[in-house]
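Trainee: here are the coordinates; sequence isn't available:
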């Protein structure tokens, strides 16, 4: 499997600070690494977007669950 290195920039906003705190505490969310947390969250977001299912959580609720 090929690996790609990417950088995410965070800014001094409330939303970004909440995201940084969540990523820093990835184990509390049941993930073994920050990478696993981010990849899983983005994968689920993409799947929900691609499926357009009305049974799925709205994107804002999913985002709240990711950082909650």
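Mentor: In hand now; what should we look at? Just so you know, these numbers come straight off a predicted model, no measurement behind them.
Trainee: near residue 37, how many other residues are there?
Mentor: For residue 37, the number of neighbouring residues by other CB atoms under 10 Å comes to 19. C-beta here means a position set from N, CA and C on the backbone, and glycine is covered the same way.
Trainee: just residue 66 next, same as before
Mentor: Neighbourhood size, residue 66 [other CB under 10 Å]: 19.
Trainee: now do the contacts for it.
Mentor: By CB atoms under 8 Å, 6 or more residues apart in numbering, the contact list for residue 66 reads 22, 41.
Trainee: helix or strand for it, which one?
Mentor: Per DSSP states H and E: residue 66 is located in helix 59-67.
Trainee: relative to residue 28, how far out is residue 37?
Mentor: For residue 37, the distance to residue 28 equals 10 Å [CB to CB, to the nearest Å].
Trainee: next one: residue 19
Mentor: Note on residue 19: its distance to residue 28, by CB to CB, is 14 Å.
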